[in-house]
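In: Predicted model and sequence follow; I will ask about them next.
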Amino acid sequence: MEEYIFLLQVGLAVGLLALGFVAGKIAENRHYRSIREREQRWLHVPAVTWKTLDEDRPVVYATLAIGAVVVSVDHFKRFLMFFRKIFGGEVHSYSSLIDRGRREALLRMKESCPSADLFLNCRLETSTISNGQGKSTGTVEVLAYGTAIKLSR
Amino acid sequence: MILTNIESVTGKQIIEHYGLVQGSTIRAKNVGRDIMASLKNIVGGELTGYTELLVEARQQAIDRMVAQAEECGANAVVNVRFSTSSVAQGAAEILCYGTAVKVR
């Protein structure tokens, strides 16, 4: 009886890992496809980090634009992190998480103000979400904000 | 009310300064969203519940800052910054601050 329970526990853990790996991979690929497609669409609206406007045309309005997203790694990557912590080195599996979050937040900022011509002084801010015991859960919030400028034609 | 995160409102001129205005809110996440998030954690990706929670909280912080600016008689807040800090287990403070000005 005890062996069955043990097998069940191992099976469940492996099953969750497999689910995390497969579903996580599919979700990530789909997200990246959507990001690339939207980045192409918003390519004509630059988001810049400087504060001054180098244009002769009069400004119609200037307003704050904000985009935020909370992203999390899948179960499989969290499992990989366990081994990575033993040997150290760069954590490739987590860099895609941050990359997705930053690009998504920036896109949401642009989408929140669709009529703008450019975004000045764009800032990215990242904060970790912990589970309350001071342990991070591999979840980050990325906030992107800037000043949307609309120029008259 | 015009909000920007640069030192001026582009296309307008600042005629009066009223100093720093701020708005903040402290939010705790609720259990329902926590359970959904922990399920979503297996697959990874965006945790929509948390995104909504933080967007809502940030909007409230902005609203409070704007209310304070209106009290001063300002019509714009420039150089707006955001900051997040955790005050207690499972709770976070979202702070939003800027300089209230009058523009023309």
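Out: Thanks, I have it. Just so you know, these numbers come straight off a predicted model, no measurement behind them. Numbers count the residues shown, from 1 in each chain, chains lettered A, B, ... in the order given.
In: State the next helix or strand along the chain beyond the lengthiest strand in chain B.
Out: In chain B, with assignment by DSSP state E, the single longest strand is strand B:14-28. Remark: after strand B:14-28, the chain's next helix or strand is helix B:31-43, criterion DSSP states H and E.
In: Mind checking if that next one is in reach of chain A?
Out: Yes - residues of helix B:31-43 are located near chain A by Cβ under 8 Å from any Cβ of the partner chain, namely B:37, B:40, B:41, B:42, B:43. Glycine gets a C-beta too; all of them are placed from N, C-alpha and C.
In: Which elements pack onto that helix?
Out: Judged by 3 or more Cβ pairs under 8 Å, 6 or more residues apart in numbering or on different chains; DSSP states H and E, helix B:31-43 is in contact with helix A:2-41, strand A:59-72, helix A:75-87, strand A:136-151, helix B:48-72.
In: again, only this time at 7 Å
Out: Applying 3 or more Cβ pairs under 7 Å, 6 or more residues apart in numbering or on different chains; DSSP states H and E, one finds that helix B:31-43 contacts helix A:2-41, helix B:48-72.
In: so which of these is the most packed in?
Out: helix B:48-72 (a mean of 18; mean count of other Cβ atoms under 10 Å in any protein chain shown).
In: what's the angle from that one to strand B:14-28?
Out: Using axes from the mean of the first three to the mean of the last three Cα atoms, to 10 degrees, the inter-axis angle of helix B:48-72 relative to strand B:14-28 is 140 degrees.
In: Show me how far helix B:48-72 is from its chain's centre.
Out: With Cα atoms, centre = their mean, to the nearest Å as the basis, helix B:48-72 stands 5 Å off its chain's centre.
In: So it, near chain A or not?
Out: Yes - legend: contact between helix B:48-72 and chain A by Cβ under 7 Å from any Cβ of the partner chain is shown at B:50, B:51, B:54, B:55, B:58.
In: before we move on, the earlier item: is the longest strand of chain B up against chain A anywhere?
Out: No - Strand B:14-28 stays clear of chain A (Cβ under 7 Å from any Cβ), getting no nearer than 9.9 Å.
In: quick one: low-confidence ranges for chain B?
Out: Scanning chain B for pLDDT under 70 picks out nothing.
In: let's see 80
Out: Along chain B, the model assigns pLDDT under 80 to residues B:29-34, B:36-42, B:86-91.
In: again with chain A
Out: Chain A contains residues with pLDDT under 80 at A:1-2, A:55, A:129-138, A:153.
In: Tell me the residues of it that contact chain B?
Out: Contact residues (Cβ under 7 Å from any Cβ) of chain A with chain B: A:16, A:19-20, A:23-24, A:27, A:31, A:51, A:53, A:58-59, A:62-64, A:66, A:68-75, A:77, A:120-121, A:123, A:125, A:127, A:129, A:132, A:137, A:139, A:141, A:143, A:145-147, A:149.
In: coming back round to it: for residue A:92, find the nearest of the helices and strands packed on helix B:31-43.
Out: Set against residue A:92 and scored by Cβ to Cβ, the helices and strands packed on helix B:31-43 come closest in helix A:2-41, at 12.9 Å.
In: Distance from the chain centre to the closest one, please.
Out: Relative to its chain's centre, helix A:2-41 lies at 17 Å (Cα atoms, centre = their mean).
In: If I take it and helix B:31-43, what angle do their directions form?
Out: 90 degrees.
In: Which other helices and strands does helix A:2-41 contact?
Out: With contacts defined as 3+ Cβ pairs under 7 Å, 6+ apart, helix A:2-41 has these neighbours: helix A:75-87, helix A:92-111, helix B:31-43.
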